[in-house]
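Novice: I would like to see how this sequence folds:
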Amino acid sequence: MKIDKLREKLAAKALAGLLVTDKINRRYLCGFTGSNGLLLVTEDKLRLFVDGRYTQQAQQQTNGVEICEIPVGGNLVATLQPFVKGLTVGFEAGTIAYQTFTELQSLMTAAGGKLVATKNLVERLRMIKTAKEIQAIRQAAVIADQTLELILPLIRSGMSELELANEIDYRSKKLGSEGPAFETIVASGVRTALPHAHASQKKIAANELIMIDFGAIYQGYYSDITRTFAFGEVAAEIQTTYQKLLAAQKQAIQAVELTKSLGDIDQLTRQELQQNDLAQYFSHNLGHGIGLSCHEYPALAPKEALLIEKNMTFTIEPGVYLAEAGFGIRIEDDIVVNEAGRAEILTQFDKEWMTIDCK
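Specialist: You can find the predicted model right below:
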């Protein structure tokens, strides 16, 4: 079905084929998970070009795909050339490496064909999830929720952010995650004002904020969750700001419906924060697509005109970062647009204001 839809898109653009170089798009279209290879999609064939390291894996993971092995001492261009002779084919302009692009450009010239840039052809297909994909994301979210349940009692004064991040990764894997969705973020105290702080050797101290942002992977599909906690007693201003941000995040989730664009949801959230004098501290998009990669198309950005559709999966994660006040807060959930066209929250860990005992 996904290949048929892609072929329809190619035909509409008068393209005889698509050269798929993006690893995640290759996996999505044919099931191959290897780190190297090229998939050629044409109107009647799927051909996967790999070297001998991946031939057996490709045969095991794909169905209805012709495996073309690049010989030892050979190269992709020479192996690919007979199959693209005289064709006009697209390439993935947003993700291709420059060296690969120049090699393919030379190939198409030599083969009497033409190379045409495409944008988000496969990503737009990936944007709408099947029931099986949603179930995998749902399980990745469950693993993240369970990980937080295990982690919070382990937090103690004097442990480093990096130590806590390592515990998160370890516990998540024990619960079934295939690995961290990205470099796990743990920030404490004034470092919570850094939107994407790397976990550091800073020691976690009593009576400060802790921000945890991480995700799990299940059957190749990702979750992504952020929670911000008080570790002991913190200033009243922090708790007040938290409640305002939480209200904005809940409002954004409730506002999801099929008649709105992704940009509408982002702008609505900024307007809510503006009313509370917080919009100037919100320095990133409201969210991003999630699926076979943690950050995928589309973005919930102020000018994104793409309309919300059923079975989209994305994050909603407003954050405010008050560097002068010495703290930042982000609250993030994964959602799926259900059959009613509304947001169902997949990450269920409690997001009400929470104080962890620091003694």
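
Novice: where does residue 237 land on pLDDT?
Specialist: If you check residue 237, the pLDDT there is 96.

Novice: same check, this time on the one 5 residues further on
Specialist: In the predicted model, residue 242 carries a pLDDT score of 98.

Novice: where's it relative to residue 235, distance?
Specialist: Using CB to CB, to the nearest Å, we find residue 242 at a distance of 11 Å from residue 235. Backbone N, C-alpha and C define where each C-beta goes, glycine included.

Novice: out of those two, which sits in the busier spot?
Specialist: Just comparing residue 242 and residue 235: by other CB atoms under 10 Å the higher neighbour count belongs to residue 242, 23 against 15.

Novice: In a helix, that one, correct?
Specialist: Yes. The assignment for residue 242 by DSSP: H, G, I helix; E, B strand; the rest coil puts it in a helix.

Novice: ok, residue 217 - contacts?
Specialist: By CB atoms under 8 Å, 6 or more residues apart in numbering, the contact set of residue 217 is 140, 177, 178, 179, 180, 181, 223.

Novice: my read: the last one touches residue 140, true?
Specialist: Yes. With contacts defined as CB atoms under 8 Å, residue 223 counts as touching residue 140 at a distance of 3.7 Å.

Novice: residues shared between the contacts of those two?
Specialist: Joint contacts of residue 223 and residue 140 (CB under 8 Å, 6+ apart) are 181, 215, 216, 217.

Novice: biggest separation within those residues, which pair?
Specialist: 215 and 217 (7.3 Å; CB to CB).

Novice: Need the overlap of contacts for the two.
Specialist: The contact sets of residue 215 and residue 217 overlap at 140, 180, 181, 223 (CB under 8 Å, 6+ apart).

Novice: Please flag which of those residues sit within helices.
Specialist: Judged by DSSP state H, those include residue 140 as members of helices.

Novice: what would the shared contacts of residue 215 and residue 217 look like in CSV with pLDDT?
Specialist: Below are those laid out as CSV (pLDDT from 0 to 100):
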residue, pLDDT
140, 98
180, 97
181, 97
223, 98
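
Novice: and the shared contacts of residue 215 and residue 217, which are buried?
Specialist: When these are checked for burial by 16 or more other CB atoms under 10 Å, the buried set is 140, 180, 181, 223.

Novice: Who are the contact partners of the last one?
Specialist: Listed by CB under 8 Å, 6+ apart, the contact set of residue 223 reads 137, 140-141, 143-144, 181, 215-217, 290, 334, 346-347.

Novice: Residue 25 versus that one, what's the distance?
Specialist: Residue 223 is 21 Å from residue 25, by CB to CB.

Novice: tally of neighbours for residue 161?
Specialist: 25.

Novice: again with residue 40
Specialist: Other residues lying near residue 40 total 20 when counted by other CB under 10 Å.

Novice: Now do the helix or strand of the chain with the lowest mean pLDDT: which elements does it pack against?
Specialist: Within the chain, judged by mean pLDDT, DSSP states H and E, the helix or strand with the poorest mean is helix 76-84; its value is a mean of 90. Counting contacts by 3 or more CB pairs under 8 Å, 6 or more residues apart in numbering; DSSP states H and E, helix 76-84 is packed against strand 38-42, strand 46-51, strand 66-70, helix 98-110.

Novice: What are the boundaries of the strands in the stretch 151-300 of the chain?
Specialist: For the stretch 151-300 of the chain, the strands defined by DSSP state E, counting those that start in this stretch occupy 185-188, 208-214, 217-218, 221-222, 225-231, 287-289, 296-300.

Novice: Dump those into JSON lines; add mean pLDDT as well.
Specialist: Formatted as JSON lines, the strands of the stretch 151-300 of the chain follow (pLDDT from 0 to 100):
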{"stretch": "strand 185-188", "mean pLDDT": "98"}
{"stretch": "strand 208-214", "mean pLDDT": "98"}
{"stretch": "strand 217-218", "mean pLDDT": "98"}
{"stretch": "strand 221-222", "mean pLDDT": "98"}
{"stretch": "strand 225-231", "mean pLDDT": "98"}
{"stretch": "strand 287-289", "mean pLDDT": "98"}
{"stretch": "strand 296-300", "mean pLDDT": "97"}
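
Novice: so which of those comes closest to residue 41?
Specialist: Using CB to CB, these put strand 296-300 closest to residue 41, at 18.3 Å.

Novice: same for the very next helix or strand once past the closest one, what does it pack against?
Specialist: Heading C-terminal from strand 296-300, the first helix or strand you meet, by DSSP states H and E, is strand 313-316. Applying 3+ CB pairs under 8 Å, 6+ apart, we find strand 313-316 packed against helix 131-151, helix 236-255, strand 287-289, strand 296-300, strand 333-337.

Novice: now with 6 Å?
Specialist: Applying 3 or more CB pairs under 6 Å, 6 or more residues apart in numbering; DSSP states H and E, one finds that strand 313-316 makes contact with strand 287-289, strand 333-337.
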